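# need a structure here:
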Amino acid sequence: MFTATDGNGVVLLVYSVLMTKGLQTIENEVDIQGSKLTTEHGYAAQEIINLMLTGKAHTNVHNGDKVMGEDLVLRGVSK
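Here you go, the predicted model:
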């Protein structure tokens, strides 16, 4: 199913990563609670890309965390 031309390999891989990491853990890692992991056109959001590449579902691609104010910390790629 992962390698079949008409299979759903990518979807299965993403589901596997999401379930392995845990949905609650992923929700705690994103900047905006309740945000969706797909865009309005059905593409993977940056959180999924970062999760697949780095193991963290952080919203941004800058180095480390950026404190933008008292209540706002933008989480980026840690390494």
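# So which residues of this protein form helices?
For the chain, applying DSSP state H gives helices covering 9-21, 23-29, 46-54.
# how far out from the middle of the chain is the first one?
Between the centre of helix 9-21 and the centre of its host chain there is 11 Å, according to Cα atoms, centre = their mean, to the nearest Å.
# Can I get it as PDB, trimmed to CA atoms?
What follows is helix 9-21, C-alpha atoms only, in PDB (Å, rounded to 0.1, in the frame of the first residue of the first chain):
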ATOM      1  CA  GLY A   9       1.200   5.600   1.000                       C
ATOM      2  CA  VAL A  10       1.700   9.300   1.900                       C
ATOM      3  CA  VAL A  11      -1.600   9.500   3.800                       C
ATOM      4  CA  LEU A  12      -0.800   6.400   5.700                       C
ATOM      5  CA  LEU A  13       2.700   7.600   6.600                       C
ATOM      6  CA  VAL A  14       1.200  10.900   7.900                       C
ATOM      7  CA  TYR A  15      -1.400   9.100   9.900                       C
ATOM      8  CA  SER A  16       1.200   6.900  11.400                       C
ATOM      9  CA  VAL A  17       3.400   9.900  12.400                       C
ATOM     10  CA  LEU A  18       0.400  11.700  13.900                       C
ATOM     11  CA  MET A  19      -0.800   8.700  15.900                       C
ATOM     12  CA  THR A  20       2.700   7.900  17.000                       C
ATOM     13  CA  LYS A  21       3.400  11.400  18.200                       C
END
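# what angle separates that helix from helix 46-54?
For helix 9-21 against helix 46-54, the angle between stretch directions is 80 degrees (axes from the mean of the first three to the mean of the last three Cα atoms, to 10 degrees).
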